[in-house]
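Q: Have a look; sequence and predicted model below, questions after that.
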Number of protein chains: 2
Amino acid sequence: MTIAVTAVPPISSFAQSLSDPAGFGDQSLITPRPGAIRLLGGIPAPEALPLPDFARVSAELWTDRAAATAALQYSSSTGLSGLREWIARREGVEPARIVVTNGGLHGLSLAVLTVVERGSAVAVDDPIFPLFLRVLELADGSVRPIPVDGDGLDVAALADRLAGGERISALYTVPDFHNPSQGTLTARRRGALADLAEQYGFWLLIDNPYRDLRFAGQDQGLATFHGSDRTIVVNTFTKTLGPGWRVGWLVLPEPLVTPIVRLRNRLDGHTSTVTQALLEHLLLADPAWFDTVLAPARRLYRERSLALADALAAEAPGAFRITRPEGGLFLWPRLTDDRVDAAALAARAADAGVLYQQGAFFASGPDTWESSRHLRLAYGDRTPDELREAARRLASAF
Amino acid sequence: MTIAVTAVPPISSFAQSLSDPAGFGDQSLITPRPGAIRLLGGIPAPEALPLPDFARVSAELWTDRAAATAALQYSSSTGLSGLREWIARREGVEPARIVVTNGGLHGLSLAVLTVVERGSAVAVDDPIFPLFLRVLELADGSVRPIPVDGDGLDVAALADRLAGGERISALYTVPDFHNPSQGTLTARRRGALADLAEQYGFWLLIDNPYRDLRFAGQDQGLATFHGSDRTIVVNTFTKTLGPGWRVGWLVLPEPLVTPIVRLRNRLDGHTSTVTQALLEHLLLADPAWFDTVLAPARRLYRERSLALADALAAEAPGAFRITRPEGGLFLWPRLTDDRVDAAALAARAADAGVLYQQGAFFASGPDTWESSRHLRLAYGDRTPDELREAARRLASAF
């Protein structure tokens, strides 16, 4: 007797091509020492999120039958019109160029699927926000690492490679308070980057989730990017109003709006009308509201960044080269002694009760040495006391 | 003097392959007569959505600091654990098989990208929910239409084609209160379909947004599908708690959970923690709550379906073959006289002040004749009085 056995049908080649997580993110799989201080993620401080305002606007929405009914219905793929107009005013562009997304990562994935030709070369930050490399797998993008320094992406290095004949379909960078390396792309470099995109015909993917969290130094502007018809700017309310909303936006050159909407119509229709309506009501009811949320948040992040930077300098004198952040949620200290084993230091730090991301996880190319000399310390959701204790533990591990 | 001009870089071939809307959906582009009665979309009745409960749970969430803080943070790609457990209990499967999505269309797109090999053949309902054909463009799927009758998909017709040598990577059907054709797949056909999937090694994509809206007849069960390791069941809270939430779920064979999560990690991370937390609190606080929402909704849709079906029979006697719906949101009357020009009828109806979707929009194959003999009338969000008036106007157009 024979039994007919049919194999379970395979998943698609596309699904098979997506990698398992490695490095960045794995930290969450280890069991931390009880009481360990986690400096792992770019997470906004719970104290910086305006819970009473969310309570108030929810009460208003659900007791206004017309508004509540609209919030529970389907809505436009591009987003609620009032929310788009608010975003457009803030960005200084026409509302027609705004598409509301389910957060920053979603904006990146829509952009990659729309403008990165499958298998083409994409220049990226080195070090990089590692999740972008996973997003890039959606288009089987081939990574071309470009160094990042204290002034952001090294645009001259990119220009050299382009002049040398290298061709790319797109470039990815975080211009404000770079993740992980905390620097800001200078206005001069922004202009040079937009010029290169025009000269060589590639897309700029400008990922800017930390932009609203500047607490020192000089804003370098976005007008150059918004004036370029080769630039997609990706932003989100994640770092300002909370990741849980999953509401972000794209600023698109107008010819890209229709292709992005077509893709959206096939992927998920539109962002939750409920979450959009709540944020729209808050943002439109009081034009000053968002800035009144940001002001104390910036003070809080400034205080935390200084608490960590100064405690680390005091507790482990000479061990790190430290630059005080001007914004964002990350400190990126560099080990001064090249003989230090960075992986062993991270393991000893975990034993001592402080968890952070190793710099090597953020390398986008095969040469991980320079990245490995750094630690990424996320201070956003830790109190100054916790950060000082974290610095003591890190110093003891050192 | 020459001026160097670089063309705007092209969008990806993938993005170019996505079509513009045509047919279904275009109705929303025409300017309706003022006072026109819209029977266009499968939209739940605003009166059936429990606004006071949403107000209450929002007040509870935002004033509970711990719960609110959690709702504003990142969460698991698979969804909040309590919500998954509630869904799993209701579906009768293990919670590990549930992935929360941003609604039904999102579940379909995740499923298509994961199991449909690019360019492969996919058997689908004919007539079909047309947006699935757009989703299928994500994998460049090649459509194989299978007739649907009053008992759902004609599984014997599918079996004949498979026996004749045709091979497919997946099959798509709406088993309960088919969209557009209102029938329900019989238990016997469900079993035969699962057997074919096993015998020939293809995936079943079971799209079931209307399942909870049965108001007559006998439920045909989902156990056959949940017991099959080749079946993905797609469902959503869209038709029961409102489209605006954008919260749905997949019931997956366990080997598909990891591939779906990998894809999710690259597309958008996870569904809004805020919307999930609100629904989770409602569903878990009172195990009877969801059914207390559904009971009046079912009565309301029963009343509306009968108002429309009976008024149409009374106002245009003999013009249509009408089957009273057993659930869902659609009536699919068939023109009895094959000489009637269906497109002209729709135009006259629009002039008379009633808008509906022409049956021809729902054909999935080149032969649109049988579909074109039908009208899809969506009654969910219209009152009985509006539906009776719509029937009068339709009769006058006829």
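A: The structure has been received and is ready for your questions.
Q: what about A:Thr173, how many neighbours?
A: 26 (other C-beta atoms under 10 Å in any protein chain shown). C-beta here means a position set from N, CA and C on the backbone, and glycine is covered the same way.
Q: same question, A:Arg89
A: 12.
Q: where does the stretch 1-150 of chain A have low pLDDT?
A: A:1-8, A:21-32 (pLDDT under 70).
Q: for it, what spans make up the helices?
A: Remark: helices assigned in the stretch 1-150 of chain A by DSSP state H, counting those that start in this stretch are A:13-16, A:51-62, A:65-71, A:81-91, A:104-115, A:131-136.
Q: Contacts made by the third one with the rest, please.
A: Spelled out, it's helix A:65-71. A:60-62, A:273-274, A:276-278, A:281, B:46, B:49, B:51, B:54, B:244 (C-beta atoms under 8 Å, 6 or more residues apart in numbering or on different chains).
Q: Of these, just the buried ones, ChimeraX syntax please.
A: Buried residues among the contacts of helix A:65-71 (16 or more other C-beta atoms under 10 Å in any protein chain shown), as a ChimeraX selection:
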select /A:60,61,62,273,274,276,277,278,281 /B:46,49,51,54,244
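Q: Could you dump the contacts of helix A:65-71 into CSV with distance to B:Val148 added?
A: Compiled in CSV, the contacts of helix A:65-71 are given as follows (distance: C-beta to C-beta, whole Å):
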residue, distance to B:Val148
A:Glu60, 45
A:Leu61, 40
A:Trp62, 39
A:Thr273, 31
A:Val274, 33
A:Gln276, 35
A:Ala277, 36
A:Leu278, 40
A:His281, 43
B:Pro46, 30
B:Leu49, 29
B:Leu51, 36
B:Phe54, 36
B:Gly244, 29
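Q: wait, which of the contacts of helix A:65-71 is closest to B:Ala15?
A: Set against B:Ala15, the nearest of the contacts of helix A:65-71 by C-beta to C-beta is A:Gln276 (24.3 Å).
Q: How about that closest one, nearest residue that isn't a chain neighbour?
A: A:Leu80 (4.7 Å; C-beta to C-beta, 6 or more residues apart in numbering or on different chains).
Q: so how far is chain B from the one you found?
A: Distance, A:Leu80 to chain B, by C-beta to the nearest C-beta, to the nearest Å: 10 Å.
Q: Over to A:Leu72?
A: From A:Leu72 to chain B the distance is 3 Å (C-beta to the nearest C-beta).
Q: who's in contact with the residue nearest to that residue when sequence neighbours are not counted?
A: In this structure, A:Leu72 finds its nearest non-sequential neighbour in B:Gly242, 3.3 Å apart by C-beta to C-beta, 6+ apart. Residues in contact with B:Gly242 (C-beta under 8 Å, 6+ apart) are A:Leu72, A:Gln73, A:Val274, B:Pro44, B:Leu49.
Q: Need those in CSV (columns: distance to A:Leu185).
A: Below are those laid out as CSV (distance: C-beta to C-beta, whole Å):
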residue, distance to A:Leu185
A:Leu72, 42
A:Gln73, 41
A:Val274, 36
B:Pro44, 47
B:Leu49, 46
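Q: residue ranges of the helices in the stretch 251-398 of chain A, please?
A: So, for the stretch 251-398 of chain A - with DSSP H, counting those that start in this stretch - the helices run A:254-267, A:273-285, A:289-315, A:342-352, A:369-372, A:384-397.
Q: can you redo these as JSON lines with mean pLDDT?
A: Converted to JSON lines, these look like this (pLDDT from 0 to 100):
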{"stretch": "helix A:254-267", "mean pLDDT": "96"}
{"stretch": "helix A:273-285", "mean pLDDT": "98"}
{"stretch": "helix A:289-315", "mean pLDDT": "98"}
{"stretch": "helix A:342-352", "mean pLDDT": "96"}
{"stretch": "helix A:369-372", "mean pLDDT": "96"}
{"stretch": "helix A:384-397", "mean pLDDT": "98"}
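Q: Could you identify which of these is most buried?
A: helix A:273-285 (a mean of 22; mean count of other C-beta atoms under 10 Å in any protein chain shown).
Q: which outside residues touch that one?
A: Here helix A:273-285 makes contact (C-beta under 8 Å, 6+ apart) with A:53-54, A:57-58, A:60-61, A:67, A:70-75, A:79-80, A:82-83, A:86, A:100, A:237, A:241, A:245-247, A:289-290, B:242-246, B:272, B:274-275.
Q: Pull out the buried members of those residues.
A: Buried among the contacts of helix A:273-285 (16+ other C-beta under 10 Å): A:53-54, A:57-58, A:60-61, A:70-75, A:79-80, A:82-83, A:86, A:100, A:237, A:241, A:245-247, A:289-290, B:242-246, B:272, B:274-275.
Q: so which helix or strand takes in the closest residue to A:Asp212 other than its chain neighbours?
A: Closest residue to A:Asp212 apart from its sequence neighbours, by C-beta to C-beta, 6+ apart: A:Thr240 at 5.3 Å. Secondary structure from DSSP states H and E places A:Thr240 in helix A:238-241.
Q: And the closest residue to A:Leu335 other than its chain neighbours, how close does it get to chain B?
A: Counting by C-beta to C-beta, 6+ apart, the nearest residue to A:Leu335 once its immediate chain neighbours are dropped is A:Arg373, at 4.9 Å. For A:Arg373, the distance to chain B equals 28 Å [C-beta to the nearest C-beta].
Q: pretty sure A:Arg373 is touching A:Ala342, no?
A: Yes. A:Arg373 is within contact range of A:Ala342, at 6.8 Å (criterion: C-beta atoms under 8 Å).
Q: Give me the common contacts of these two.
A: What both A:Arg373 and A:Ala342 touch, as defined by C-beta under 8 Å, 6+ apart, is the set A:Leu335, A:Gly359.
Q: residues in contact with stretch A:336-354?
A: A:30, A:32-33, A:35-37, A:39, A:318-321, A:335, A:355-356, A:358-360, A:372-373, A:375, A:390, A:393-394, A:396-398.
Q: Could you tell me which of these count as buried?
A: A:36-37, A:39, A:319-320, A:335, A:355-356, A:358-360, A:372-373, A:375, A:390, A:393-394, A:397-398.
Q: circling back: of the contacts of stretch A:336-354, which belong to strands?
A: Counting by DSSP state E, those place A:Ile37, A:Leu39, A:Phe320, A:Arg321, A:Leu335, A:Leu355, A:Tyr356, A:Gln358, A:Leu375 in strands.
Q: show me the contacts for the second one.
A: Shown in contact with A:Leu39 (C-beta under 8 Å, 6+ apart): A:Val354, A:Leu355, A:Tyr356, A:Gln357, A:Leu377, A:Ala378, A:Tyr379, A:Arg382, A:Leu387, A:Ala390.
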